[in-house]
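> no sequence on this one, just coordinates:
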């Protein structure tokens with residue numbers, strides 16, 4: 001029999017380990033075909049270094065905790081590969097050969113699918129029998145050709161609740177204290193996360209009143225006009241803003257002046273930038289909240305829908321590979337909103353890699369500073385249900401490698 005290897009890559013989510021559990025469960029169901037499920041520690045780096053563990057040798061009760069554990073249980077990475085990295089690629093395939101690995105499952109986003117595609121292409125080049133399947137993951141929800149991605153629903157739920165509670169807070173204090181609340185979300189090129197704060201208005205409209213996304217250029221004058229109007233009407237103003245918004249000259253408002261390992265501009269503190277503008281132009285103090293890691297690892301309030309779909313994504317990855325499907329990523333196709341129903345499919349890895357899915361124009365309001373009911377209809381099913389971890393001593397129990 002042969003073996004499989006699974007690894008995690010890129011920015012993490014609160015449900016990425018649920019996909020690992022899905023891979024594990026499907027492989028256990030097919031133990032006559034795949035003997036061991038290896039895990040690459042710290043993503044593709046662990047595979048290149050032969051730094052692996054055998055997941056099915058661990059205690060089942062511990063493995064089951066993966067469903068409720070946020071972030072990467074096995075370590076992630078931001079390794080940028082190219083076909084010119086011949087030495088590194090040879091190390092990866094030496095590990096495959098040494099451990100009789102014939103199935104490779106890579107769990108990640110845009111850049112991770114590029115890595116998976118390179119592994120697939122190199123396997124063909126050297127005529128090595130390897131099935132490569134990508135498992136989608138990103139809180140940014142910006143992978144093309146899939147309706148949504150595991151991780152988005154849970155982060156959307158976290159941010160919507162945070163926006164709701166922050167809006168209520170500033171409302172309660174606005175009479176003679178701070179009148180503006182700003183929630184800064186992740187989202188470099190696409191505003192799906194920031195848009196999700198509109199779900200805070202599902203039950204009662206405390207805010208946010210302004211939602212700033214990268215799909216629309218930031219215009220200071222129009223922004224200030226809307227803030228003043230909101231303050232006049234409600235007495236307070238709640239704002240959600242994406243870290244990746246740009247001005248009308250296409251410059252990031254929050255460029256920190258250096259790049260990450262993938263060459264992306266490092267962004268941060270756009271909320272503080274807005275806060276400075278509001279103080280300088282309107283004389284209004286504002287409170288800024290930056291959830292940062294908390295928004296993507298907030299497993300205590302994950303979406304049940306998201307958790308279930310993350311597990312299914314892992315299961316389908318194995319199912320496709322066992323059918324001989326190769327060089328693909330698992331995708332979601334929405335059948336209907338009411339009732340919410342999806343089906344699973346796959347697409348070529350090279351179609352996914354290094355592309356971005358933006359919020360459609362039809363989801364954005366005319367003034368470019370909010371989203372409309374069409375977006376709500378799209379996003380609402382993704383945050384449905386709760387999947388609470390087990391608590392001990394008042395704190396969740398999580399998997400530890």
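That came through, no problem. Computed from a predicted model, the values in this text were never measured in an experiment.

> OK, contacts around residue 236?
Remark: with contacts taken as C-beta atoms under 8 Å, 6 or more residues apart in numbering, residue 236 is in contact with 167, 170, 171, 174, 179, 180, 181, 207, 230. To be clear about C-beta, it is placed using only N, CA and C from the backbone, and glycine gets the same treatment.

> rerun that using 6 Å as the cut-off
Taking C-beta atoms under 6 Å, 6 or more residues apart in numbering as the contact definition, residue 236 lies against 170, 171, 174, 179.

> The closest residue to it other than its chain neighbours: neighbouring residues, count only.
In this structure, residue 236 finds its nearest non-sequential neighbour in residue 174, 3.7 Å apart by C-beta to C-beta, 6 or more residues apart in numbering. By the measure other C-beta atoms under 10 Å, the count of residues near residue 174 is 17.

> Assumed residue 342 was part of a strand.
Yes: following the definition DSSP: H, G, I helix; E, B strand; the rest coil, residue 342 is counted among the residues of a strand.

> What's opposite it in the beta bridge?
According to DSSP bridges, the partner residues bridging residue 342 are residue 334.

> Kindly report the same for residue 395.
Under the criterion DSSP bridges, residue 395 forms beta bridges with residue 392.

> Single out whichever of the contacts of residue 236 has the smallest pLDDT.
For the contacts of residue 236, the least confidently modelled position is residue 174, at 95, judged by pLDDT.

> do you know how far that residue is from residue 285?
Note on residue 174: its distance to residue 285, by C-beta to C-beta, to the nearest Å, is 11 Å.

> any idea which element residue 171 lies in?
helix 152-173 (DSSP states H and E).

> what's downstream of that helix, the next helix or strand?
Downstream of helix 152-173, the first helix or strand assigned by DSSP H and E is strand 180-185.

> so after that next one, what's the next helix or strand?
helix 192-196.

> hmm, who's touching that next one?
Contact partners of helix 192-196, identified using C-beta under 6 Å, 6+ apart, comprise 141, 156, 159-160, 185-187, 211, 213, 240, 242, 371, 375, 379.

> Tell me how many other residues crowd residue 300.
16.

> Next one: it from residue 363, what distance?
Summarising the geometry, the distance separating residue 300 from residue 363, computed by C-beta to C-beta, is 29 Å.

> Likewise for residue 180?
In this view, residue 180 and residue 363 are 25 Å apart by C-beta to C-beta.

> ok, the two, which is more surrounded?
Shown here are residue 180 and residue 363; by other C-beta under 10 Å, residue 180 has more neighbours (25 against 22).

> and the gap between the closest residue to the more buried one other than its chain neighbours and residue 184?
The spatial neighbour of residue 180 that comes closest, neighbours along the chain excluded (C-beta to C-beta, 6+ apart), is residue 286 at 3.7 Å. According to C-beta to C-beta, residue 286 stands 11 Å off from residue 184.

> more neighbours, the two?
Using other C-beta under 10 Å as the criterion, residue 286 and residue 184 rank with residue 184 on top: 28 against 22.

> Report the contact partners of that one.
The neighbours of residue 184, taking C-beta under 6 Å, 6+ apart as the test, are 241, 270, 271, 290.

> which residues does it bridge with?
Legend: beta-bridge partners of residue 184 under DSSP bridges are residue 241.

> Residue 352 versus that one, what's the distance?
The span separating residue 184 from residue 352 equals 28 Å under the rule C-beta to C-beta.

> before we move on, what about residue 192?
Remark: distance between residue 192 and residue 352 (C-beta to C-beta) = 16 Å.
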